[in-house]
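Peer 1: Would you be able to build a 3D model of this:
(chains A, B and C)
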Amino acid sequence: MNNLDKNLSFLNKHQQEAVKKLNCSLLILAGAGSGKTRVLISKIYYILISKLALPNQILAVTFTNKAANEMKFRVGKMINSNIEGWWVGTFHSISAKILRRNAEKVGLKKNFVIIDNEDQIKLIKKICDSEKIDLKDRNPKYYLNCIDRYKNEFLTVEDILNQAKNSNDKIIAKIYSIYESELKRLNCCDFGNLIMHCLFIFKNDPNSLKHYQNQFKYILVDEYQDINFSQQLWLNYLYRLNKNICCVGDDDQSIYSWRGAEIKNILSFEKTFENPSIIRLEQNYRSTKRILNCASHLINNNKNRYGKNLWSDNNTGDKVEIRGFWETKEEAKNISDQIEDLIRKKVSLNEIAILMRVAAHTRSFEERFLNVGLPYRIIGGIKFYERREIKDIIAYLRIVNNFDDDLALERIINVPKRGIGKTTIKKINLIIRKNKISMFEACKVYVGSEEKNKIKYQINELISKIHKWNSLKKQLDHIELCELILEDSGYMEFIDNESKQKDNIENYDRLDNINEFMNSLKDFENLDGFLEHISLVNDNENINENNKINLMTMHSAKGLEFNYVFAIGWEEGLFPSKRSIEEKGSLGLEEERRLAYVALTRAKKKIFISFVTQNRYSYANHDFNVPSRFIKELPKEELNIYNSEVFQNYNYSNDFNENFEESEILTPGKKRMIDYYKIKDNNLEFNQDINIVKTSNFEEGERIFHKKFGYGRILEIENDTALINFEKSETKMIFLKYLIKEI
DNA sequence: TTTGACGACATTTTT
DNA sequence: TGTCGTCAAA
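Peer 2: Okay, here's the model as predicted:
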């Protein structure tokens, strides 16, 4: 058997077919755990080994850096060498690479900076400020969302200006237009722009397009279900010459519609690319039969899908465990106990994951794990490069690298404190607008004007330091430069002082983070490379580095797998998310269901689902929660439903929460603010309902439930209040209307 | 101009 | 719960 056959012999019939089918538009519908990465990798290998293309003639696009790195690593291993100069990366990183070489064609300089969300919002705030746009009823995030959406749909400023109908549209169009010109002036790019600018280049510069079309003989795309319109167009441009594309995706795992990845995009594959064919991979190698059965059963409730039948040769496995708790602490405690059990069975913590709908829900688990000393990591939480001190340092580097970067300068102009406050910045902003110059230049103008004072002296100091650092760029390497800046700017001293003043843990962390940051600089040859890297890459913790429990959102769990999965917070309204349903109706619900499908199919051996009926902390109110409808949609014979107090009393066979279907008709397509008030009203009614039903005739000695204090017994009733002896709290006087009858 | 206190407000998911 | 904006005092 030759090498090629040996490597392909690991694949099943369908996988092999998918690997060998070339010179067409191929869509591989790969169910969860059906070995799609393996197929993609084998396909690249097959192309290379058959000498159909050189490594740099293959374009492989993914959505995460993790997936890109894995692909590089595994293909490298198969052909036994490190491949240099090939095109494997995310849409954004590849676009950035193309854009660096063609920056001037879209009015940017070569050293443009890629800005993140925080910078975007700051910029929009600034625009609204100077344009006197009221941010009371619509926040900057709203406008940013609109702009992002336009970019996902390849809608230009002109398009939006033309189609603006009402005054709100016009305001958005105006902000969009100024935002774009500001970005150009600052020599910056946001994520959406990376794709947009490339599309402009492809569209307006046939030579460049030809160049890239010739370059890429084969195009491969991972996670195709996450594609948005602009990205699809991007692919289509590159595809038109060789007409050879292979996309792998799972329509049931499309969970990013809010990023423009609408399910219709994958469903319209056949219309977008010529001579299409579809191969399904339906054998699952990951999960037990039971888990798979649950997942399939659940996803069958969706209408918008290609449809496929997953099957598996794996063991039947354990039943899925369902538990209800009355508060989050109890949930966290129970799960940590379960985990201790698993540890006793010699399960590695890396093989355990807790998945949640909302990132904020890690808290109760963090608390618990800290208490009992279980190590954990949060994946996709607060990212390293988003920490304040790191962003400060980066801002220093950015302004030294690029004098046009107002956003960076504004960030550090008064950090550490130099006595340059709001008023001064306002004056400088005025100069910027009047003379149409950068903030850096405006500072010089401001310093040079009329009478001298302390503030001007300070600004002058900073400006000349930045000049000095910039001129040292050629003599020092980027690490030395960074060290110099940290000392010279007084930033290090500032952090030192801060950690002495309040010796809380957080400030200790700051110093640590700065050290880690300095260390990470070593991995890069120069400043430019480093700045590019940090703007596109965020995950820097290697999953298997230490033995830790994994906490993450269901979204960030996509593409991962674990032996044991705890899926928490399966409460109606939270999951499926009320908001998602209200905004997009049944489409929203189906997306939530796909999310549940993703969560379930992460598990290899066993899955634990839990929900909390009371005291799920969510800002102002403590709602009474009903278990998620998704639990009801699981096949009963595969479940073990446990006797928690609350769950036992919950009438499982009843159709719960039919109201949701009604509100779905009432609110779709309404603007957020209107929704917001509706939700508020609904909540009120909902609560009143409970009170009316539950306050009726309480008796002394009766066991009751209170949202905050839990279960208790009535000692005495006096008019509308009762003295309650709580089981988990002390004895208290409570209004009858806040009591709930033991259900 | 900075700082601290206070109240208002918002919380889905992220390359 | 924590962040943000506003206000008054230093």
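Peer 1: Just the element for residue A:524, please.
Peer 2: Following DSSP states H and E, there is no helix or strand that holds residue A:524.
Peer 1: If you tally nearby residues, what's the number for the closest residue to it other than its chain neighbours?
Peer 2: Leaving aside its sequence neighbours, residue A:524 sits nearest to residue A:530 (CB to CB, 6 or more residues apart in numbering; 4.1 Å). From N, CA and C alone the C-beta is placed, and that goes for glycine too. By other CB atoms under 10 Å, 21 other residues sit near residue A:530.
Peer 1: Residue A:530 belongs to a helix, doesn't it?
Peer 2: Yes: assessed with DSSP: H, G, I helix; E, B strand; the rest coil, residue A:530 lies in a helix.
Peer 1: Tell me who's in contact with it.
Peer 2: A:397, A:478, A:521, A:524 (CB atoms under 8 Å, 6 or more residues apart in numbering).
Peer 1: What distance do you get for residue A:247 to DNA strand B?
Peer 2: Distance of residue A:247 to DNA strand B, given as CB to the nearest atom of the strand, to the nearest Å: 17 Å.
Peer 1: Please verify my assumption that that residue contacts residue A:27.
Peer 2: Yes: using CB atoms under 8 Å as the test, residue A:247 is close enough to residue A:27 to be in contact (5.3 Å).
Peer 1: Can you pull the residues that touch both of those two?
Peer 2: A:224, A:269.
Peer 1: Tell me where the stretch 51-200 of chain A has helices.
Peer 2: A:65-79, A:91-102, A:117-130, A:140-152, A:157-163, A:167-185, A:191-204 (DSSP state H, counting those that start in this stretch).
Peer 1: So for the residue of the stretch 301-450 of chain A found nearest DNA strand C, what pLDDT did the model give?
Peer 2: Relative to DNA strand C, the nearest point of the stretch 301-450 of chain A is residue A:363 (7.2 Å; CB to the nearest atom of the strand). pLDDT, residue A:363: 83.
Peer 1: Residue A:16: what's its closest spatial neighbour, skipping adjacent residues?
Peer 2: residue A:8 (5.8 Å).
Peer 1: So for the one you found, what's the pLDDT?
Peer 2: 81.
Peer 1: so who does it touch?
Peer 2: By CB under 8 Å, 6+ apart, residue A:8 lies in contact with A:16, A:19, A:42, A:46.
Peer 1: what's the spacing between it and residue A:41?
Peer 2: Per CB to CB, to the nearest Å, residue A:8 is found 11 Å from residue A:41.
Peer 1: Are we agreed that residue A:459 is in a strand?
Peer 2: No: looking at residue A:459 with three-state DSSP, it is helix, so not inside a strand.
Peer 1: neighbours of it, just the number please.
Peer 2: 20.
Peer 1: Could you double-check that it lies in contact with residue A:440?
Peer 2: No: applying CB under 8 Å as the test, residue A:459 and residue A:440 come out as separate, 10.5 Å apart.
Peer 1: In the stretch 101-250 of chain A, what residue comes closest to DNA strand B?
Peer 2: residue A:191 (4.3 Å).
Peer 1: Surely that residue touches residue A:114?
Peer 2: Yes: in this structure residue A:191 lies within contact range of residue A:114 using CB under 8 Å: 7.3 Å.
Peer 1: joint contacts of the two?
Peer 2: When CB under 8 Å, 6+ apart defines a contact, no residue borders residue A:191 and residue A:114 alike.
Peer 1: partner residues bridging residue A:323?
Peer 2: residue A:610 (DSSP bridges).
Peer 1: quick one, what contacts it?
Peer 2: A:331, A:334, A:608, A:609, A:610, A:611, A:641, A:642, A:644, A:647.
Peer 1: From DNA strand B, how far off is the second one?
Peer 2: Going back to what we said before, that points to residue A:334. Distance from residue A:334 to DNA strand B, counting by CB to the nearest atom of the strand: 23 Å.
Peer 1: Can you name the residues that contact that residue?
Peer 2: Here residue A:334 is in contact with A:323, A:325, A:610 (criterion: CB under 8 Å, 6+ apart).
Peer 1: of the contacts of residue A:8, closest to DNA strand C?
Peer 2: Out of the contacts of residue A:8, the member with the shortest distance to DNA strand C (by CB to the nearest atom of the strand) is residue A:42, at 45.2 Å.
Peer 1: Just to check, the closest one is in contact with residue A:19?
Peer 2: Yes: Residue A:42 is within contact range of residue A:19, at 4.8 Å (criterion: CB under 8 Å).
Peer 1: Pretty sure residue A:27 sits in a strand.
Peer 2: Yes: counting by three-state DSSP, residue A:27 falls inside a strand.
Peer 1: Next one: it from residue A:270, what distance?
Peer 2: From residue A:27 to residue A:270 the distance is 8 Å (CB to CB).
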